[in-house]
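Peer 1: The following block contains a protein sequence and its predicted model.
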Amino acid sequence: MLYGLGGIGKTQLALKFAKDHRAEFTSIFFLDGSSQESLLKSFAPIYRRITEGKGLQAPDSALPGKASRIPPEQMAEEVAQWLAQEQNNRWLLIFDNIDKEPSDEGGFDIVPYFPPKDHGSILITTRLAPLSRLGRGRRVGRMSEEEAVGLLGEILEESSSGQQRTWATRNQESPTMHELLETLDGLPLAISQAGRFINTLNLKLETYLELYASSKREVMDMLSGDPHLHNAEKRSIRTTWTTSLNLLKEKASKQGPDGDYYAAYRLLQLLAYFEPSDLNYNIIRFGVIGNNVPDWFRRTFSSKLKFFGVIKILLDLCLIDNNVSEGSYSMHRVVHDWLCTYVCGETDRELLRLAVGAISYSAPLVMTNRWFEEQQQLALHALHILSRLQDFSPDDFLVQYDKMNTEELALVASLLGEPVKCWMLMKFDYTLIGISRLLRSCGKSRKALKLILETQSRSSETLDDGTVNHVHLLLRYAEILCRGQSHHVLPSLSDKFWGLESPSWAIRTQNLYALILESTSSRHKAVEIWELILDQSRNRTGSVFVHPTWMLFINLDHRIRDDLERRKQLFEKFETDARREKDRVRQAEWFLDEIRQMRRWSTVLIGE
């Protein structure tokens, strides 16, 4: 059993096996299993070959010319019976493209077409991983780079001059060849069609890459099919995965919006909004944080078991692969390009909000010295989704904690590791701020600022009732965060957040003010601000370990680290919090250890 993604080369691998091992078999028969009708038609030439007695022992009932009058089902049965004869034990049957289960529309049970005796050999190619239960299964994966270079070289050799072939073989390690192979990602169908496209138009490899990067849909539309494949649908990179997609849609339609197949179909579409190398449960699940989260998404991420049941549907269709770590999956880059181009070409507002929320909330709330370095995978997701963040209402990315019910707030607290009180004090959030932070973390500060400014241009300063628009304030905060300047407006911006009854945003704005002051050589002034707002924040949160108080504490501690007595006084101010919460908050034990060490050092210094 060979199973795997459409276009991955299962049929070609089966044919190669038959060719390489032909001496081991007296007969090799190839059957088209894309439908029951095509399978029965495939038995007809085998039946004729048997009845015409071309060196083979024909069944007793077979007479010359009889094939045209026998129903296809009977021909298939008589072929199976003939293969079951004792002396016919070195045959190979290849059932190609068995891509539907018996319960699927247009599907059928392949087992009745097997010979009733277990001698001989059967090889099946399929996109359905569960069919491996019929025998020993082997998943067909991507080509290695060496194999991909070899296939591309063979195709480029078809050009009249042979220059492309020479270039391919001599420049295997060149950046252009590496980039092309990375784009095609070891998919034989993509490699063969790209090679023929390059040959037909006599293109340089650089030109093909430029065209594909800028105009994926147009290039995919132009890619010619492989004339050696018998099924026209599977000849084009544009249509080769529609079989799996249509199968998923059919089952989703039968089950309705409450079923796992509907959830799997929507989840597949959602994956178009993420970078395909790490489609991670621990990232996507954060999409449940928000207002009006769709029911299918809440159900899917209500437990790991429920999620695994839904993701298994996509794994069984070979549309995604498991990565090494649990809960992490990947999608072939060309399949992902197809998904983004043909299935999800138009941005779905619901999916966009889920993806932006998931990416944004996956990043830790408190930024540390290594925050930028540690968020590089998330930054890839932020870069991928960036092109879809145009022309949407700024309100689409607003999360209002004060409009969540108790259960929803408890879920937020559980996922983000901060108590409900933290989110009530924050009152609202804006997920595009998280996307802009991630863009900055990978050196795309200009793109981050452009995103914020373009969104801000579509946001009014006041609402229809004349009150302050908190989305506009949040975007103003994000603009200053990206620019790292214009800090003189931050105190008044903080006052406006106080007016909106969002202490957390007011304090975060003051924290940003201190950070920018420090960057302009005003550390002393910045420390004074941190000391002031730290006490204000602690009075609101009730604990030093609750955001944003903990963020302020860490910032202040870092700046006074060399002043032992001042640092000890800072820690002792909140020692009661640490003792009260040492069994619930992991930072509390570190906090108490620091106090003990500082007291020991103080004793030593006094002794000296």
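Peer 2: Happy to help now that I have it.
Peer 1: rest of the way, CA atoms for contacts and neighbours
Peer 2: Fine.
Peer 1: For this structure, which residues score under the pLDDT cut-off?
Peer 2: The chain contains residues with pLDDT under 70 at 53-68, 158-173, 223-236, 368-369, 604-608.
Peer 1: 50 instead, please
Peer 2: 54-64, 67, 160-162, 164-165, 167-170, 226-234 (pLDDT under 50).
Peer 1: Can you show me the strands along it?
Peer 2: Per DSSP state E, the chain carries strands over the ranges 2-3, 27-32, 91-96, 121-126, 138-139, 279-280, 321-322, 328-330, 398-400, 428-430.
Peer 1: neighbouring strands for the second one, and are they parallel or not?
Peer 2: To tie it back to what came earlier, the one meant is strand 27-32. Paired with strand 27-32 in the same sheet, following DSSP bridges, are strand 91-96 (parallel).
Peer 1: List of residues touching stretch 521-539?
Peer 2: Residues outside stretch 521-539 that contact it (CA atoms under 8 Å, 6 or more residues apart in numbering): 503-504, 507, 510-511, 513-515, 517-518, 544, 548-549, 552-553, 555-556, 559.
Peer 1: what about 7 Å?
Peer 2: By CA atoms under 7 Å, 6 or more residues apart in numbering, the residues outside stretch 521-539 that reach it are 507, 511, 514, 515, 517, 518, 544, 548, 549, 552, 553, 556.
Peer 1: Just the buried ones from these?
Peer 2: Using 16 or more other CA atoms under 10 Å as the burial test, the contacts of stretch 521-539 include 507, 511, 514, 515, 517, 544, 548, 549, 552, 553, 556 as buried.
Peer 1: Max pairwise distance over those residues: which two?
Peer 2: Largest separation among the buried ones among the contacts of stretch 521-539 by CA to CA: 517 and 544, giving 23.6 Å.
Peer 1: where do the helices sit along the stretch 151-300 of the chain?
Peer 2: Assigned helices in the stretch 151-300 of the chain, in chain order: 163-170, 175-184, 188-201, 205-214, 216-222, 242-255, 260-270, 281-284, 295-300 (criterion: DSSP state H, counting those that start in this stretch).
Peer 1: Just put these in JSON lines and tack on distance to residue 93.
Peer 2: Below are the helices of the stretch 151-300 of the chain laid out as JSON lines (distance: least, CA to CA, whole Å):
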{"stretch": "helix 163-170", "distance to residue 93": "36"}
{"stretch": "helix 175-184", "distance to residue 93": "32"}
{"stretch": "helix 188-201", "distance to residue 93": "24"}
{"stretch": "helix 205-214", "distance to residue 93": "39"}
{"stretch": "helix 216-222", "distance to residue 93": "34"}
{"stretch": "helix 242-255", "distance to residue 93": "24"}
{"stretch": "helix 260-270", "distance to residue 93": "33"}
{"stretch": "helix 281-284", "distance to residue 93": "40"}
{"stretch": "helix 295-300", "distance to residue 93": "41"}
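Peer 1: So which of the ones you listed is nearest residue 75?
Peer 2: Nearest to residue 75 among those is helix 242-255; the distance by CA to CA comes to 28.1 Å.
Peer 1: So which elements touch that closest one?
Peer 2: helix 260-270 (3 or more CA pairs under 7 Å, 6 or more residues apart in numbering; DSSP states H and E).
Peer 1: Could I have the CA atoms of the helix it packs on written out in CSV?
Peer 2: Extracted C-alpha coordinates of helix 260-270, given in CSV (Å, rounded to 0.1, in the frame of the first residue of the first chain):
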residue,chain,number,x,y,z
ASP,A,260,-16.3,16.9,12.8
TYR,A,261,-16.0,17.0,9.0
TYR,A,262,-17.4,20.5,8.8
ALA,A,263,-14.9,21.5,11.5
ALA,A,264,-12.1,19.8,9.5
TYR,A,265,-13.1,21.6,6.3
ARG,A,266,-13.1,25.0,8.1
LEU,A,267,-9.8,24.2,9.9
LEU,A,268,-8.3,23.3,6.5
GLN,A,269,-9.3,26.8,5.2
LEU,A,270,-8.0,28.4,8.4
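Peer 1: Identify all contacting residues around it.
Peer 2: Helix 260-270 is contacted from outside by 248-249, 251-252, 255-256, 296, 300, 310-311, 313-314, 344, 351, using CA under 7 Å, 6+ apart.
Peer 1: Give the buried residues for stretch 441-457.
Peer 2: Buried-residue list, stretch 441-457, by 16+ other CA under 10 Å: 441, 442, 445, 447, 448, 449, 451, 452, 453, 455, 456.
Peer 1: do the same with stretch 346-365
Peer 2: 347, 351-363, 365.
Peer 1: residue contacts, the residue lying closest to residue 139 once chain neighbours are set aside?
Peer 2: Counting by CA to CA, 6 or more residues apart in numbering, residue 139 lies nearest to residue 3, which is 5.0 Å off, once chain neighbours are set aside. When the contact criterion is CA under 7 Å, 6+ apart, the partners of residue 3 are 125, 126, 127, 128, 129, 138, 139, 140.
Peer 1: of the residues you listed, closest to residue 181?
Peer 2: Minimum distance to residue 181 across the contacts of residue 3 is 18.0 Å, recorded for residue 140 (CA to CA).
Peer 1: Give me the distance between the residue nearest to the closest one when sequence neighbours are not counted and residue 92.
Peer 2: Among residues not flanking residue 140 along the chain, residue 4 sits closest, at 5.2 Å (CA to CA, 6+ apart). Taking CA to CA, to the nearest Å as the criterion, residue 4 is separated from residue 92 by 21 Å.
Peer 1: Neighbour count: the two, which is higher?
Peer 2: residue 4 (25 against 21; other CA atoms under 10 Å).
Peer 1: List the residues that contact the more buried one.
Peer 2: With CA under 7 Å, 6+ apart, residue 4 has these contacts: 126, 127, 139, 140, 141, 318.
Peer 1: Ok, residue 429 next?
Peer 2: Per CA under 7 Å, 6+ apart, neighbours of residue 429: 398, 399, 400.
Peer 1: Please tell me I have it right and the second one contacts residue 428.
Peer 2: Yes - in this structure residue 399 lies within contact range of residue 428 using CA atoms under 7 Å: 5.5 Å.
Peer 1: Distance of the nearest residue to residue 447 once chain neighbours are set aside relative to residue 362?
Peer 2: Excluding the flanking residues, the one nearest residue 447 by CA to CA, 6+ apart is residue 439, at 7.1 Å. Distance, residue 439 to residue 362, by CA to CA: 14 Å.
Peer 1: do residue 322 as well
Peer 2: Separation of residue 322 from residue 362 (CA to CA): 21 Å.
Peer 1: and what of residue 110?
Peer 2: 45 Å.
Peer 1: go on, residue 255?
Peer 2: On the measure of CA to CA, residue 255 and residue 362 end up 32 Å apart.
Peer 1: again, but for residue 94
Peer 2: On the measure of CA to CA, residue 94 and residue 362 end up 47 Å apart.
Peer 1: ditto for residue 546
Peer 2: With CA to CA as the criterion, residue 546 and residue 362 are 18 Å apart.
Peer 1: next one: residue 345
Peer 2: Applying CA to CA to residue 345 and residue 362 gives a distance of 25 Å.
Peer 1: ok, now residue 535?
Peer 2: For residue 535 relative to residue 362 (CA to CA), the value is 29 Å.
Peer 1: same thing with residue 249?
Peer 2: Distance from residue 249 to residue 362, by CA to CA: 30 Å.
Peer 1: Equivalent analysis for residue 405, please.
Peer 2: For residue 405 relative to residue 362 (CA to CA), the value is 22 Å.
Peer 1: ditto for residue 320
Peer 2: On the measure of CA to CA, residue 320 and residue 362 end up 22 Å apart.
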